[in-house]
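Chemist: Provide a 3D model corresponding to the input given below.
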Amino acid sequence: MSNATQIADTSGPVATTAGTGITIISWFATWDWGFLIGVVIGLAGLAISFANYLSNKQFQKRKDQREQEEHELKIAKLRGRCNAGQN
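Modeler: A predicted model of the protein is given here:
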């Protein structure tokens, strides 16, 4: 009788593992893989677009700083000419 009890005790984890595996496989089989792949591609495109936006924002800020410096130098030169003409 103890042999029967041991067999029953060891079949519990095996049955649970097999049942879990079958459940997971059947769950994957019911998914619409084309839709999921499309969603992943869409999210990847969104991430790339956001990264591009951040990069462009950074470069635009640097460009604006350079243009502001050039503008200030140009104004300083013009004021220097005007001041020289008034003296």
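Chemist: Ala76 and Glu70: what is the separation?
Modeler: According to C-beta to C-beta, to the nearest Å, Ala76 stands 11 Å off from Glu70. Every C-beta, even on glycine, is put in place using the N, C-alpha and C of the backbone.
Chemist: any idea how far Arg62 is from Ser55?
Modeler: Distance from Arg62 to Ser55, by C-beta to C-beta: 11 Å.
Chemist: Repeat that for Arg66.
Modeler: Distance from Arg66 to Ser55, by C-beta to C-beta: 17 Å.
Chemist: repeat for Val39
Modeler: 25 Å.
Chemist: just Ala15 next, same as before
Modeler: According to C-beta to C-beta, Ala15 stands 55 Å off from Ser55.
Chemist: And for Gly45?
Modeler: 16 Å.
Chemist: Name the helix or strand of this protein that has the lowest mean pLDDT.
Modeler: Using mean pLDDT, DSSP states H and E, helix 2-29 stands out as the lowest-scoring helix or strand of the chain, at a mean of 72.
Chemist: helices or strands next to the host helix or strand of Asp64 in the packing?
Modeler: Assigned by DSSP states H and E, Asp64 falls within helix 33-86. Contact here means 3 or more C-beta pairs under 8 Å, 6 or more residues apart in numbering; DSSP states H and E; on that basis helix 33-86 packs against no helix or strand.
Chemist: what is the rounded mean pLDDT of that helix?
Modeler: In this model, helix 33-86 has an average pLDDT of 89.
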